[in-house]
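J.: Let me see the structure of the following:
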Amino acid sequence: MGLVPVILSDGWVPPRGPHWPDFSVTVPERDVTQLVSILDGYGDRWSDMGTRDRETWLEWFSPPKQFNYIVDSCAEIMGSVKVSEALVRRAWPLLVASARARADFARLRVSVRATGSAALRHIRPGHGR
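T.: Reported below is the predicted structural model:
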């Protein structure tokens with residue numbers, strides 16, 4: 001029998017392949033204080049889920065399957081790339097310059113707001129807080 005994974009996460013994205021709810025329990029982070037009662041609610045299903053977990057591990061993640069799983073996952077990622085690497089390399093200096101300009105503008109805006117608030121308090125006491 002296998003062990004049942006308990007996944008405590010709000011944004012966990014399961015690896016492709018098996019149907020994770022069949023052999024695992026996912027609990028939102030906000031419910032961590034109720035974890036024991038949530039797990040108690042699975043009662044008599046633990047044995048079946050543990051068996052499914054072991055079967056899933058053998059089918060998808062055991063050492064003889066790992067190489068093909070990793071290669072297939074990499075191929076899937078490479079197939080989903082929308083922008084060519086060559087284009088990114090050519091555009092990189094512009095992307096960096098744009099990010100720096102946005103950061104400089106944000107710092108300038110904060111500085112102007114702080115200076116403006118101080119000047120307003122000096123001219124009109126009690127205002128600009």
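
J.: thought residue 24 was touching residue 9?
T.: No. Residue 24 lies out of contact with residue 9 (CB atoms under 8 Å); the separation is 11.2 Å. Every residue, glycine included, has its C-beta placed from N, CA and C.

J.: quick check: mean pLDDT across the helix or strand hosting residue 65?
T.: For residue 65, the enclosing helix or strand under DSSP states H and E is helix 63-79. Helix 63-79 shows an average pLDDT of 88 in the prediction.

J.: picking up where we left off before, looking at residue 24 and residue 9, which has the bigger crowd around it?
T.: Neighbours per residue, other CB atoms under 10 Å: of residue 24 and residue 9, the larger number sits with residue 24, 19 against 10.

J.: roughly how far apart are that one and residue 52?
T.: 9 Å (CB to CB, to the nearest Å).

J.: In this structure, mark out all the helices, start to finish.
T.: Along the chain, the stretches classed as helices by DSSP state H are 35-40, 46-56, 63-79, 85-123.

J.: Check the offset of the last one from the chain's centre.
T.: Same thing as helix 85-123. Offset of helix 85-123 from its chain centre (CA atoms, centre = their mean, to the nearest Å): 27 Å.

J.: which regions of this protein lie under the pLDDT threshold?
T.: In the predicted model of the chain, residues 1, 116-129 satisfy pLDDT under 70.
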